[in-house]
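Colleague: quick one: sequence and predicted model below, then my questions.
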Amino acid sequence: MSTIPPKLIQIIALSLILLVSGCAQRDSGVGINAITGVPEQDFITISGTATASAEWIPELSNGRGNSLQVGDASDFRSFSVLRWDPAAALPDSYVVESVRIKLTTGRIWPSTSDSTIYVPDLRMIVREIPVEWDEDDLIPGTLADFESFEILDTILIDSDPDDSVFYDLPFELWQKWVDESLAQDAEDTVSTLTSYGLLFEPANEGVLVEFLSSEGGSLGDDETGSTAPVLRMEGTRWDLDDTVYVSSALFLEQLPDHDGYLTSSSAEPQPGRMIVSAGYPQRELVYFPLDSLVEFTERLIARAEFRVFADPDDPLTMVYPNTGLNFKTGSLTNSDWVNEPDSVASVTLRFVGTDAVALDADAVLLKFDVTGIVSGWMADPAANGGLQIQTSGENQFLSRQIFHNHETEDESKRPQLFIWYVEPSN
Amino acid sequence: MVRRTLQLISLLLFIGHVSAFAGGSIFSGNGLGEPQIQGGARAVGLAGGGLGLVDSMAFNTSNPSLAAFSRSALFRMSGQLGVWTVKSDGETDSDGEIAWSDFTVFLPVTGKYKIGLGVEAATRVDLRTFTPREAVFTGSDSVAAYEERAVWNGGTTDIRLVNAYRLSDRLAVGLTLAYSFVNLNRDITLDFESSDYQNAAYYQTARFKGWWTKVGFLWKPADKIGIGAYYRPRSGGDWELEIFENDGSKAILTKRDGDTPSALGGGLSVMPHETWAITADLQTQFWSRRYLGILYDNNDQIVVKDPLFMSVGVEKFAKHDRLGGNMGQWAYRGGFFYRSHYWTNDAGDPVTEYGISLGTSIPVGGWLGRLHIAEEIGSRGSNDFGATENFFRTSLQLEMSEQWFQRDNPRIPK
């Protein structure tokens, strides 16, 4: 029986040694210049200006914000609404002797620290709300006929920040709230309510006052007073101690079940400008055509920046003093709004940026990193629905920032998209 | 027979196993890759020549007519081990590679007509680089550091059907019909240091498939002189390109028709003594930029040149080394080569290489077969960028005649 010849075995063994010993791993760029078609180190930055912009007013409720707003200034008109259910907080045996509402002021616009600007005091009209409302549904148009609500009183408020404002609630109204609440508990299914809290509207122009909401303020304790809006009830209470009722002082501060504010805006931007506001949420849509970029499918986006320029001198600019505004961007699902302005109302967001950015030190330039968004457009050009700008706290306090739009007379101030891209040299 | 077959299979598995755990020439990232010296390890030992030399079963298979002079079934398989050392910008780097080269079987159909069926690597791409670079974004003041990691791999594989017909003892013609598969992968990642920039990654695969043919002849005007030549006309095929990028898993499949260049080669062999032979060969191709393939379609800057391979070799035969004769002794050979490739540097000058080759043929199992070992030592360069490469390539080829497959013990009829 034949076997593999010994010489062959020796040769194979020698070959094995040669084969194994020669293995090494090149892992460096030495000699890379010998290869044709290596990506160049010079990459490209291109920029373009927007070709379209539009205003988008989403119907958002700011009932969950930290602020309540009352005032009429800078083309904003705001009124606040609050609603309590006092029966829920009262003990079984009590006598209430006084009921008052406490509000705490926050920011004032215009600034009261500038002595050259006259800031009037705010006179508020207090109305009783006869229709049902919910703080999560305070979208524009809610309580549209508020001026028909019964006026209960007016309050004059000093335009001082961090000040407390008291309104003595008519006792009959408080009693009605308690009685209706108890009756509602008994009925369970049929509404017996006829009173749904109070509405505070401005009676004069020229000032905007922020009050802290139930979300923005807090209940007080033995050492600090409440900063949230509260219904303060004082009197006497009796509690059962074994078999005897013992009286004690009644002092209750109750947070409202629902509170929020509604704003209307009559601001019209001048030509070449666009409005981004909070409190009255207003967003701007901007479109950049990328046809000349996406046709080269090998280009990959290394970085993309969306730049917009504010006009701080525009008279419609309204920002509370010592308040920094942050903004966010996002992408839209389609670009129908570019050619069909009426379709703006149906535009939807595809992606909202998570990072909030502020204007630069000169309060002029706003830069957003939109690398992910533009990269997605390169992969799917049909997804380019444009970008939007919004404040990062749309349901918070009132503010309005004016930006230059795509038609502004100064071309260097038009919204710009900067793209840094890379591609293989071949 | 069974034992021989098992031994053959085990050897085949050993040599045929390709471990992609190393890199090849730095120039293999160009075009279709680094051209492989075809024809067998004996041809490598003769500096890539021997187109006009037919004296044993170790003939140069690049000339299809040479198979006509074999008298028995042949099997050959080969692989190579290479080490490349690059010098560029004052730095050096080395890498090595193991790869298969050739599996071919030749069978006699008639006394004059032989066919061969085989698979051969025609080009090879095997390279990985890791380079710190700085991106300059023109049009802005931005500069960003990044790491470029690139992997090139792939190559060309030909499946060949060789037809050889011996018209007389002095003249033979041949025809090769082959199907080529080209697979070129380029994976490039740009990893930016700063998180302000998104990393970029390209994964490109270009494939080509197409038929080609080659005709060849060998003429022996005298007993000691052989003239061989081949011609391979330009042939067509189809390219397709897939690109995957990291901006959304985008895949683009583009296609176009393609061509492979025509080729012409010829060689002269002279035997001044019955145990000595001198060979001289010249091979060239006729290139167009379009032949580089679909990966280069958007690059108008690349220049290609017609390559030229020149080789001169000398061999001392083993005693009684004739076809079908006694193969009891070793053969030795050596040569000198000069090659000008179709790749060019940015100045438009072709990349050239020169070197020497050495080889030996060792009889295996007496009459059974041969082990050919060839060593190439050369230098290749692109002077404009200062990138030069020294290479050491070892080719191993095992050849077995049909006696390998015969029974050890003939059956004795009862």
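Modeller: Noted; the coordinates are in hand.
Colleague: do you know how far A:Ser346 is from A:Gln184?
Modeller: The gap separating A:Ser346 from A:Gln184 is 39 Å, by Cβ to Cβ, to the nearest Å. The way it works is simple: take the backbone N, C-alpha and C, and place the C-beta from them, glycine included.
Colleague: any idea which strand is longest in chain A?
Modeller: Secondary structure of chain A per DSSP state E: the longest strand is strand A:93-109.
Colleague: more crowded one of A:Ser346 and A:Gln184?
Modeller: Neighbours per residue, other Cβ atoms under 10 Å in any protein chain shown: of A:Ser346 and A:Gln184, the larger number sits with A:Gln184, 16 against 11.
Colleague: now do the phi/psi pair for the more buried one.
Modeller: Note on A:Gln184: its backbone torsions stand at phi -70, psi -40 [degrees, to the nearest 10].
Colleague: was I right about it contacting A:Thr192?
Modeller: Yes: with contact defined as Cβ atoms under 8 Å, A:Gln184 and A:Thr192 form a contacting pair (5.1 Å).
Colleague: so what strands line up beside the longest strand of chain A?
Modeller: Here strand A:93-109 has these sheet partners by DSSP bridges: strand A:164-168 (antiparallel), strand A:207-212 (antiparallel), strand A:230-241 (antiparallel).
Colleague: what's the angle between the helix or strand following that strand and strand A:93-109?
Modeller: On the C-terminal side of strand A:93-109, the closest following helix or strand by DSSP states H and E is strand A:122-128. For strand A:122-128 against strand A:93-109, the angle by axes from the mean of the first three to the mean of the last three Cα atoms, to 10 degrees is 140 degrees.
Colleague: which stretches of the chain have low pLDDT?
Modeller: In the absence of a named chain, chain A is used. A:1-27, A:37-39, A:187-191, A:222-223, A:345, A:425-426 (pLDDT under 70).
Colleague: try again with chain B
Modeller: B:1-22, B:248-250, B:319-328, B:365-368, B:383-386, B:402-414.
Colleague: count the neighbours of A:Asn204 for me.
Modeller: 15.
Colleague: quick one: it is in a helix?
Modeller: No: per DSSP: H, G, I helix; E, B strand; the rest coil, A:Asn204 lies outside any helix segment and is coil.
Colleague: out of the strands paired with strand A:93-109, which one sits most buried?
Modeller: strand A:207-212 (a mean of 26; mean count of other Cβ atoms under 10 Å in any protein chain shown).
Colleague: mind putting the strands paired with strand A:93-109 in JSON lines, distance to B:Ala318 included?
Modeller: Formatted as JSON lines, those follow (distance: least, Cβ to Cβ, whole Å):
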{"stretch": "strand A:164-168", "distance to B:Ala318": "114"}
{"stretch": "strand A:207-212", "distance to B:Ala318": "104"}
{"stretch": "strand A:230-241", "distance to B:Ala318": "111"}
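Colleague: can you say which of those is nearest to B:Gly155?
Modeller: Taking Cβ to Cβ, strand A:207-212 is the member of these nearest to B:Gly155, at 72.5 Å.
Colleague: any residues touching the closest one, and which ones?
Modeller: Here strand A:207-212 makes contact (Cβ atoms under 8 Å, 6 or more residues apart in numbering or on different chains) with A:66-74, A:76, A:78, A:80, A:103-110, A:119-122, A:157, A:159, A:165, A:227-229, A:318, A:320, A:397-398.
Colleague: can you select the buried ones from those residues in PyMOL?
Modeller: Buried members of these can be picked out in PyMOL with the line below, counting by 16 or more other Cβ atoms under 10 Å in any protein chain shown:
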select buried, chain A and resi 66+67+68+69+70+71+72+73+74+76+78+80+103+104+105+106+107+108+109+110+119+122+157+159+165+227+228+229+318+320+397+398
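Colleague: residue numbers of the stretch 201-350 of chain A in contact with chain B?
Modeller: Taking Cβ under 8 Å from any Cβ of the partner chain, the part of the stretch 201-350 of chain A that reaches chain B is made up of A:297-298, A:300-303.
Colleague: could you work out the most separated pair of those residues?
Modeller: A:Thr297 and A:Arg303 (18.8 Å).
Colleague: of those two, who's got more company?
Modeller: Set side by side, A:Thr297 and A:Arg303 show more neighbours around A:Arg303, with 25 against 16, by other Cβ under 10 Å.
Colleague: and the angle from whichever strand or helix holds A:Gly71 to strand A:164-168?
Modeller: Using DSSP H and E, the element containing A:Gly71 is strand A:67-73. Here strand A:67-73 points in a direction 90 degrees away from that of strand A:164-168 (the same axes, to 10 degrees).
Colleague: how about A:Ala186, secondary structure?
Modeller: helix.
Colleague: separation between it and chain B?
Modeller: Look at A:Ala186 and chain B: by Cβ to the nearest Cβ, to the nearest Å, they are 61 Å apart.
Colleague: could you report the neighbour count for that residue?
Modeller: 8.
Colleague: again, but for B:Ala251
Modeller: If you count neighbours by other Cβ under 10 Å, B:Ala251 ends up with 11.
Colleague: just grab the bridge partners of it for me.
Modeller: With DSSP bridges as the criterion, B:Ala251 is bridged to B:Phe244.
Colleague: isn't it up against B:Phe244?
Modeller: Yes: counting by Cβ under 8 Å, B:Ala251 touches B:Phe244, with 5.4 Å between them.
Colleague: secondary structure element for the residue of the stretch 1-150 of chain B found nearest chain A, which one?
Modeller: Here the residue of the stretch 1-150 of chain B nearest chain A is B:Thr131; by Cβ to the nearest Cβ that distance is 2.7 Å. For B:Thr131, the host element (DSSP H and E) is strand B:113-138.
Colleague: list the buried ones in that strand?
Modeller: Buried residues in strand B:113-138 (16+ other Cβ under 10 Å): B:114, B:116, B:118-131, B:133, B:135-137.
Colleague: same question for stretch A:262-282.
Modeller: Buried-residue list, stretch A:262-282, by 16+ other Cβ under 10 Å: A:262-263, A:265, A:267, A:269, A:272-282.
Colleague: likewise for stretch B:280-292?
Modeller: B:280-285, B:287, B:289-292.
Colleague: save those residues as JSON lines, and put in secondary structure and distance to B:Glu91 too.
Modeller: Converted to JSON lines, these look like this (DSSP: H, G, I helix; E, B strand; the rest coil; distance: Cβ to Cβ, whole Å):
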{"residue": "B:Ala280", "secondary structure": "strand", "distance to B:Glu91": "38"}
{"residue": "B:Asp281", "secondary structure": "strand", "distance to B:Glu91": "36"}
{"residue": "B:Leu282", "secondary structure": "strand", "distance to B:Glu91": "36"}
{"residue": "B:Gln283", "secondary structure": "strand", "distance to B:Glu91": "34"}
{"residue": "B:Thr284", "secondary structure": "strand", "distance to B:Glu91": "34"}
{"residue": "B:Gln285", "secondary structure": "strand", "distance to B:Glu91": "33"}
{"residue": "B:Trp287", "secondary structure": "coil", "distance to B:Glu91": "31"}
{"residue": "B:Arg289", "secondary structure": "helix", "distance to B:Glu91": "31"}
{"residue": "B:Arg290", "secondary structure": "helix", "distance to B:Glu91": "35"}
{"residue": "B:Tyr291", "secondary structure": "helix", "distance to B:Glu91": "33"}
{"residue": "B:Leu292", "secondary structure": "helix", "distance to B:Glu91": "28"}
